[in-house]
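*Asks:* Based on what follows, work out the 3D shape:
(2 chains)
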Amino acid sequence: MSSLAVASTAAPPAESPRALRQQRMLSLGARCALPVALLLGIGFLAPLVAILAYAFATPRSFDVFTSFTLENFAGLFDPTNTVWISFAWSCGFALFTVAILAVISYPIAYGLNAVFGRWAGLISVFFVFPLFVSENVRLYGWVLFFIKNGVLDGSLKWLGFSGGPEVLFTPGITLFGMVYTYLPFMLFPMTLGIALVPRDLVDAARDLGAGRIFIWREIELPLAMPGIMIGMLLTFVLAIGATAEAKILGGQSIIVISHDIEIAFTYSQNWPLGSALSVLVTLFIGVLTLFALSKLDLDRMLGRR
Amino acid sequence: MTHKRTNALIWIWTLFVIAVIYLPIVCGALASFNKSRYFGFPIKVYSTEWWDKTIASIEIGMIVRNSIAIALLVTVLSVVIATCGALAFARYDWKGRRLFQKLIMLPIFFPQPVLGLALLLGFSAVGIQTSWMTAVFAHLVWIVPVVTLVIAIQVYGFDPALEEAAFDLGCTRLQVLREVTLPILWPGIWSGMLFAFLLSWSNFPLSLYTAGADSTIPKWLYAKMVAGYTPMVPALGTMATLAAAVLLLVGGLAGILLRRRAAA
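*Replies:* This next block holds a predicted model:
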């Protein structure tokens, strides 16, 4: 990232004041980016490098930078190890979360753009607010709802039914928890995406006699795709890293990959193994994210130009 | 018309989803007014006993102070860094801009538990003892990119010609920044501040690994959920939620006023 700052000084000499100012703007941009770049360099890249270094250290040791071994990675691919099962569960949950959330969010995102009118702002606030309530508080609320003698069970019994279903501590409720937690991360990029669809274009298609499903498939969906893609990517990536849902709601009936990582770092004190696992997850997520981001024009999405 | 029916369905669906979203929060609030130690529904005896105990607890007082201190510091620091970042993101055309726009998204797309562990590893590698101050740094890594995006949306909406005009009239760059750029960006900066505070206030995964022995509200709640449940859990959870709601309401109204004044 340091090359960015250097690049601007290499601009050709300017003649007019306007050109001079333009040149100054160039370096100004780089200088404005500097604090963020420094923060992320120290706070984001450096820890990843530390993880990478630990991943090649002797298993069950703390001698980072002094030893080099591939044993940790070999351990991950050992079929007797259960790591791949956690990884498969995480990917599966993430895929289902994305699919379910796409279906749930689309009508709402469409509504925010074209139906709710002056209520759209207030409705967005309702969807943003849960982000400001700690996720474990919200997930614990679901425990109180579903638990035996909880809100659902108790109400059903009070009404004379035999009581609620026992859904807590199952894989299904873990998936439910993820869908619940990551809804805003799907909804808002999707809303931005749908906002990119020009209304006139849809109206024109309708005037020319196109059917509603045809318009949706041929015009609305493709034009809204960048936003939908960001939403899907964001929810997928976040769901891969999810732990609280499996722990609080799922009662660890399923072990997800982040839980494996956490166990390696905390209880079993095997930092090199945990690091190797993190490297694997980071690579997976990093490749996916960079690939998707390379397909997007952020200026157009956020600036609506 | 069928169009009307579709719109009605969309309204019903949206309101249903909102109801589901708030259901667990309401359950927590209900549980906090339950007199007996263990939760059962319908609640037999309502009381504010656990609210009183939570407010009177010295331990919780300290945890609340930690959470506020972290959130305040994160707000101040992140807004300064992110305002610069947003200008680089959306305002100036410079060579590394495209790359910068993408790199800044990476921490947002990164799972927070893994980021928290990575930071913990990094701190220990260079021998820094974790405390609430390292938690501030960890929050910044995730919150600054978010706040940058929030402010960048405002930056996109502003006309660079205004700055150009001020330059042509002989303003120095500092004057332009103080008299033109910042006043126009103020509504976006304000929402960025709100986001920063509230996201730090509710953050659990980063605090869990990087706050060391210092606890925050979400961290304390989690510890009690896992072992040693007390009805103070829903009580404190509900209080934290209410505090966030009040802040969002007051901050949001102030933001609307700011926007009105900026538009006038």
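
*Asks:* Dihedrals phi and psi, A:Ile254?
*Replies:* phi -130, psi 140 (degrees, to the nearest 10).

*Asks:* ok, it to A:Lys148 distance?
*Replies:* To A:Lys148, A:Ile254 is 21 Å away according to CB to CB, to the nearest Å. Using the backbone N, CA and C atoms, a C-beta is placed for each residue, glycine as well.

*Asks:* what does A:Leu288 give?
*Replies:* 40 Å.

*Asks:* if you count what's nearby, which of the two comes out ahead?
*Replies:* A:Leu288 (15 against 12; other CB atoms under 10 Å in any protein chain shown).

*Asks:* I'd guessed the more buried one sits against A:Met232; true?
*Replies:* No: contact between A:Leu288 and A:Met232 fails when scored by CB atoms under 8 Å: they sit 10.5 Å apart.

*Asks:* where does chain A have its least confident helix or strand?
*Replies:* One helix or strand of chain A scores below all others by mean pLDDT, DSSP states H and E: helix A:2-9, with a mean of 44.

*Asks:* Closest residue of the stretch 1-150 of chain B to chain A?
*Replies:* Residue of the stretch 1-150 of chain B nearest chain A, by CB to the nearest CB: B:Pro111 (1.8 Å).

*Asks:* For burial, what's the neighbour tally of that residue?
*Replies:* B:Pro111 has 24 neighbours, counted by other CB under 10 Å.

*Asks:* and it, backbone torsions?
*Replies:* Per degrees, to the nearest 10, the backbone of B:Pro111 is at phi -60, psi 130.

*Asks:* contacting residues around it?
*Replies:* By CB atoms under 8 Å, 6 or more residues apart in numbering or on different chains, B:Pro111 lies in contact with A:Val237, A:Leu238, A:Ile240, A:Gly241, A:Ala242, A:Ser258, A:Val281, A:Ile285.

*Asks:* Select from the residues you listed every entry located in helices.
*Replies:* The members of the contacts of B:Pro111 that map onto helices under DSSP state H are A:Val237, A:Leu238, A:Ile240, A:Ser258, A:Val281, A:Ile285.

*Asks:* So for the fourth one, what's the nearest residue that isn't a sequence neighbour?
*Replies:* What that stands for is A:Ser258. Closest residue in space to A:Ser258, ignoring its immediate chain neighbours: A:Thr243 at 4.2 Å, by CB to CB, 6 or more residues apart in numbering or on different chains.

*Asks:* pretty sure that neighbour contacts A:Glu262?
*Replies:* Yes: counting by CB under 8 Å, A:Thr243 does reach A:Glu262; the two are 6.6 Å apart.

*Asks:* gap between A:Val151 and B:Val144?
*Replies:* Taking CB to CB, one finds A:Val151 at 39 Å from B:Val144.

*Asks:* neighbour count winner among the two?
*Replies:* Neighbour count, other CB under 10 Å: between A:Val151 and B:Val144, B:Val144 has more, with 28 against 25.

*Asks:* can you pull the contacts of the more buried one?
*Replies:* Neighbours of B:Val144 in contact, by CB under 8 Å, 6+ apart: A:Val36, A:Leu39, A:Leu40, B:Ser78, B:Ile81, B:Ala82, B:Gly85.

*Asks:* per-residue confidence for it?
*Replies:* Note on B:Val144: pLDDT of 97.

*Asks:* Next: B:Gly188.
*Replies:* For B:Gly188, pLDDT reads 90.

*Asks:* Point me to the helix or strand that includes it.
*Replies:* Element membership of B:Gly188 [criterion: DSSP states H and E] is helix B:182-202.

*Asks:* could you say what helices and strands the next helix or strand after that helix packs with?
*Replies:* Heading C-terminal from helix B:182-202, the first helix or strand you meet, by DSSP H and E, is helix B:205-210. Under the contact criterion of 3 or more CB pairs under 8 Å, 6 or more residues apart in numbering or on different chains; DSSP states H and E, helix B:205-210 touches helix B:112-125, helix B:132-156, helix B:217-226.

*Asks:* Do I have it right that B:Trp220 meets B:Met232?
*Replies:* No: applying CB under 8 Å as the test, B:Trp220 and B:Met232 come out as separate, 9.4 Å apart.

*Asks:* tell me, what's touching the two both at once?
*Replies:* Common neighbours of B:Trp220 and B:Met232 (criterion: CB under 8 Å, 6+ apart): B:Ile60.

*Asks:* what's the neighbour count on B:Ile63?
*Replies:* Neighbour tally, B:Ile63, other CB under 10 Å: 20.

*Asks:* Same check on A:Pro222?
*Replies:* 12.

*Asks:* That one and chain B: what is the separation?
*Replies:* 21 Å (CB to the nearest CB, to the nearest Å).

*Asks:* Is that residue in a helix, a strand, or coil?
*Replies:* The three-state assignment at A:Pro222 reads helix, by DSSP: H, G, I helix; E, B strand; the rest coil.

*Asks:* where exactly do the helices run in the stretch 1-150 of chain B?
*Replies:* Listed in chain order, the helices of the stretch 1-150 of chain B (DSSP state H, counting those that start in this stretch) span B:2-32, B:49-56, B:58-86, B:97-103, B:106-109, B:112-125, B:132-156.

*Asks:* what's the closest of those helices to B:Gly228?
*Replies:* B:Gly228 lies closest, by CB to CB, to one member of the helices of the stretch 1-150 of chain B: helix B:58-86, at 12.4 Å.

*Asks:* Compute the inter-axis angle for the closest one and helix B:132-156.
*Replies:* 40 degrees (axes from the mean of the first three to the mean of the last three CA atoms, to 10 degrees).

*Asks:* quick one: helix B:58-86 near chain A?
*Replies:* Yes: with CB under 8 Å from any CB of the partner chain as the criterion, chain A is reached by helix B:58-86 at B:Val80, B:Ile81, B:Ala82, B:Cys84, B:Gly85.

*Asks:* which one is the residue nearest to the spatial centre of chain B nearest to, not counting chain neighbours?
*Replies:* Nearest to the geometric centre of chain B sits B:Leu199, at 1.9 Å (CA atoms, centre = their mean). Spatial nearest neighbour of B:Leu199, excluding adjacent residues (CB to CB, 6+ apart): B:Ile143 at 5.3 Å.

*Asks:* Kindly report the same for A:Leu52.
*Replies:* A:Val279 (5.9 Å).

*Asks:* Please report how far the one you found lies from chain B.
*Replies:* In terms of CB to the nearest CB, A:Val279 sits 10 Å off from chain B.
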